[in-house]
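**Student:** build the 3D model from these lines:
(2 chains)
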Amino acid sequence: MIRIERRLEQPGWLNVAVPVGSLVLAFGLSALVLVATGHDPLQTFRRLIHAAFGGQAQLTETVVSATPLAFTGLCAAVAFRMQLFNIGGEGQLYMGAIAAAAAALLLHSLPMAIVIAAMVLAGAAGGGLYALVPGFLRAFLKTNEIITSLMLNYAAALILNYLIFDSQSYWRDTTTAEAKVFPQGKMLPDSAAWPSWTLHGLGLPLGFLLAIGLAATLWFLFSRTRFGFEVKVIGDSPRAATYAGMRTRRKILAVMALSGAVAGVGGASQDGDFRHLLDPRGLQQAGYGYAGIVIAALARYNPFAVVLIAFLLGGVQNAGFTLQGADFPSGLVGVMQGLILFSALGCELLVRYRIRLASRARRPVPEAAT
Amino acid sequence: MTKRKLALAAPLLTLAAVAVAFGIGAGSGLARSAGHRAVFKAAWIYVGPHNDGGWSQAHDEGRLMVQKALGSKVQTTFKENVPEGPQVAQVIESLIRDGNKIIFATSFGFQSAMAAAAKKHPDVKFEMATGTIQLPNMAEYFGAGEQAIYLAGMAAGAASTSGNIGYVVPFAIPEVIRHTNAFALGAQAAHPGAKVKLVWMNAWFDPAKEKKAAESLHTAGSDVLGQNVDSPATGQYAESVGVPWVGYDSNGKKFAPKQWLTAAIYNWGPYYLKRTKAAMDGTWKTGFYYGTLKDGFMQLAPYGPKVSAKTKSMIAAKKAAMISGKFDPFQGPLYDQSGKLKVPKGKRLTIKDLYAMNWLVKGVVGSPKG
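**Tutor:** Numbers count the residues shown, from 1 in each chain, chains lettered A, B, ... in the order given. You can find the predicted model right below:
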């Protein structure tokens, strides 16, 4: 009989052995699939790693993929820390992108620094306010925030579509020839193009640096301040927090707003760093918000780990496009990516639980029937 | 506290170390294989899966034709399910790094990334389907879908007894509007007074949504279904409820063997072959190609069992008239939905008019704004 039990203590070596083991497992499982479909596993893994991290150009592209994932990963990590399951990073990112694009279009004649600062603030406000909707519902009506924040993702997607496809909105380009062929957002002014820096051939967009800065700020907030302590207590034991006189409702609102604001800045970065217009289809196809949830879980809600995992997953995502081709279906790429995530998340269990092979129960166990 | 953090950092460092180790190993391996490159490399970028049973599949059949005709002299590949946005630029860059010298992009949303890459890589030829931007090393190509769609519309009109035809449409853009108009005009030619009801998807490829749209059209009384979207979901639904179906882009008979009528199909292969050959021997020049029935670029898919001999001969006569230039789908008199005369008798619309068409013809039920 196989039993899964909680570990009484977590030996330190497990923290190394489990991730390495899960990686080995992922490679092993992928190798089986690859051999079964007639591909050389070693060659494939080499191509995968090379395409993700094998050179300056590849690393630069990995950073491009990683930037939005870092924001949405942080968004999920912030809320999940307090057992507040904000699944709405996707929609909050859209709202941030909408608000930031509006700021850029409105302030186009001002100096670049002001426009960029306004975009960041507008993005944060857009995402934060949108996250406050499920926040309020949770704090005052005890509505399940998983459902409400998820549903609001669809609402945000519809708003995004409405602005570009179904109306002559402020964001929509109605003059250029391309926009007549296919509806698109207005090009943002040059003053709204976020700068990027090159370090030894590695391109670092402003958004990625902002994400690192945010990670550091959040780490400080959660490990060095009273606010962070209270969030942790509320997350671990809401009752204890109430008895200790902590204001749970306020914390719910603050954490939701913070979480949404982080995703919103991610949306602003999409506008300013990469797309330079409000791009409803591209944003919806990408699904950054949902990937962020996986990243937060893999990073165990640690902000720095979020950035690192976002970087690794960004690489895997990026490599996926290089790997696929006429002889390598994209479905197989998806299977490999899925196996890596599945192994990593599945093996996480082994850090906190252990599997015991026990001999058949010596005495009757009443609850064994379930 | 510190111990916990250390424990967290350890697995991440191992992950990173493994990745770097693999990356270095892969770098040297790939450098070697890139050394010999005698074959000419050509690549295609698809917005959906290469075997979507519609648009992307038609392009992929064109690619296979190039591969077959030129054999070992070329190496073709494709990237599928590529989202629009920063990801496209990365995909293009990685294709160029892999040594591809001509790149065909088959969705309008790839255009801005294609144009940017064309400016950056003057030695690579870029080909943009359905687009509008021409550069010295970037050409545009598409086909007069309206001609073949008109004929497919005739098959739909003839198959309908009630004159109520459902049409599943992607985006309210000029391309789709002119296709819809051609379909309606064809249907009305075979069934005077026929109405064409629209359901907008705001997506090119979304089988679940397309099926729902087909269902709602059928329940609202349509006794023939047609589509301008990419997946065969409408046809699968039509087959299940026993309603004749007109597909789009590819021969979809296998999805609805009993209910299949026909479809407008694009024969991309000859164009791809011509352009790839030109790129190989250095005679490639930019251009704007608009293929027609006469060229054999536009075709009508083989008929299904429900198309009567009378309908077939009627369609054949119209087809001959279009090829000889005696007839054009958009020749006056044409009226818009409100009954206003838009194209007077004896006048035809130019390609420029067609690329900016934003009004629906009389008998179409739905909004040209989506």
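
**Student:** closest to the centroid, which residue in the chain?
**Tutor:** Defaulting to chain A. In chain A, the centroid-proximal residue (CA atoms, centre = their mean) is A:Gly292; its distance is 1.8 Å.

**Student:** nope, chain B please
**Tutor:** Note: chain B centre (CA atoms, centre = their mean) maps to B:Trp55, 3.8 Å.

**Student:** show me the contacts for it.
**Tutor:** B:Val47, B:Gly48, B:Thr106, B:Trp204, B:Phe205, B:Asp230, B:Tyr248, B:Asp249, B:Ser250 (CB atoms under 8 Å, 6 or more residues apart in numbering or on different chains). All C-beta atoms are positioned from the backbone trio N, CA, C, and that covers glycine.

**Student:** what number of residues lie near B:Lys326?
**Tutor:** 10 (other CB atoms under 10 Å in any protein chain shown).

**Student:** B:Ile165: what secondary structure?
**Tutor:** strand (DSSP: H, G, I helix; E, B strand; the rest coil).

**Student:** what residues are bridge-paired with it?
**Tutor:** Note on B:Ile165: beta-bridge partners by DSSP bridges are B:Val196, B:Val224.

**Student:** which residues touch it?
**Tutor:** Contacts of B:Ile165 by CB under 8 Å, 6+ apart are B:Ala156, B:Gly157, B:Ala187, B:Ala194, B:Lys195, B:Val196, B:Lys197, B:Ser222, B:Asp223, B:Val224, B:Leu225, B:Gly226.

**Student:** name the nearest residue to A:Trp219, sequence neighbours excluded.
**Tutor:** Nearest in space to A:Trp219, with sequence neighbours left out and distances taken as CB to CB, 6 or more residues apart in numbering or on different chains, is A:Pro303 at 4.6 Å.

**Student:** what packs against the longest helix seen in chain A?
**Tutor:** Identified as the longest helix of chain A according to DSSP state H is helix A:112-141. Helix A:112-141 is packed against helix A:89-106, helix A:145-161, helix A:248-269, with contacts defined by 3 or more CB pairs under 8 Å, 6 or more residues apart in numbering or on different chains; DSSP states H and E.

**Student:** and the residue of chain A nearest chain B?
**Tutor:** Using CB to the nearest CB, the closest approach of chain A to chain B is made by A:Gly282 at 3.1 Å.

**Student:** just to confirm, which helix or strand has that residue in it?
**Tutor:** According to DSSP states H and E, A:Gly282 maps onto helix A:280-286.

**Student:** rebuild the helices and strands packed on helix A:112-141 as TSV, extending it with distance to B:Pro333 and mean pLDDT.
**Tutor:** Listed next are those as TSV, based on distance: least, CB to CB, whole Å; pLDDT from 0 to 100:
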stretch	distance to B:Pro333	mean pLDDT
helix A:89-106	43	97
helix A:145-161	36	96
helix A:248-269	49	97
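
**Student:** buried set for the lowest-mean-pLDDT helix or strand in chain A?
**Tutor:** Sorted by mean pLDDT, DSSP states H and E, the helices and strands of chain A end with helix A:177-181, the least confident at a mean of 78. Neighbour counts over helix A:177-181 (16 or more other CB atoms under 10 Å in any protein chain shown) mark A:Glu178, A:Ala179, A:Lys180, A:Val181 as buried.

**Student:** ok so, going back, buried subset of the contacts of B:Ile165?
**Tutor:** Using 16+ other CB under 10 Å as the burial test, the contacts of B:Ile165 include B:Ala156, B:Gly157, B:Ala187, B:Ala194, B:Lys195, B:Val196, B:Lys197, B:Ser222, B:Asp223, B:Val224, B:Leu225, B:Gly226 as buried.

**Student:** quick one: classify B:Glu127 as helix, strand or coil.
**Tutor:** B:Glu127 - assigned by three-state DSSP - is strand.

**Student:** give me the element the closest residue to it other than its chain neighbours is part of.
**Tutor:** Once flanking residues are discounted, B:Glu127 sits nearest to B:Phe104: 4.5 Å by CB to CB, 6+ apart. Using DSSP H and E, B:Phe104 falls within strand B:100-105.

**Student:** put the alpha carbons of whichever helix or strand comes after that strand into PDB.
**Tutor:** For strand B:100-105, the succeeding helix or strand toward the C-terminus, using DSSP H and E, is helix B:111-120. Output in PDB follows, covering the C-alpha atoms of helix B:111-120 (Å, rounded to 0.1, in the frame of the first residue of the first chain):
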ATOM      1  CA  GLN B 111       3.000  42.600 -41.100                       C
ATOM      2  CA  SER B 112       4.600  45.200 -38.900                       C
ATOM      3  CA  ALA B 113       7.100  42.700 -37.600                       C
ATOM      4  CA  MET B 114       7.800  41.500 -41.100                       C
ATOM      5  CA  ALA B 115       8.400  45.100 -42.300                       C
ATOM      6  CA  ALA B 116      10.700  45.800 -39.400                       C
ATOM      7  CA  ALA B 117      12.700  42.700 -40.100                       C
ATOM      8  CA  ALA B 118      12.800  43.400 -43.800                       C
ATOM      9  CA  LYS B 119      14.500  46.800 -43.100                       C
ATOM     10  CA  LYS B 120      17.000  45.100 -40.800                       C
END
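
**Student:** helices along the stretch 151-300 of chain B, start to end?
**Tutor:** B:174-190, B:207-219, B:233-241, B:269-281 (DSSP state H, counting those that start in this stretch).

**Student:** which of those sits most buried?
**Tutor:** helix B:174-190 (a mean of 25; mean count of other CB atoms under 10 Å in any protein chain shown).

**Student:** tell me the helices and strands packed up against that helix.
**Tutor:** By 3+ CB pairs under 8 Å, 6+ apart, helix B:174-190 packs against helix A:177-181, helix B:145-159, strand B:164-169, strand B:195-200, helix B:309-324, strand B:364-365.
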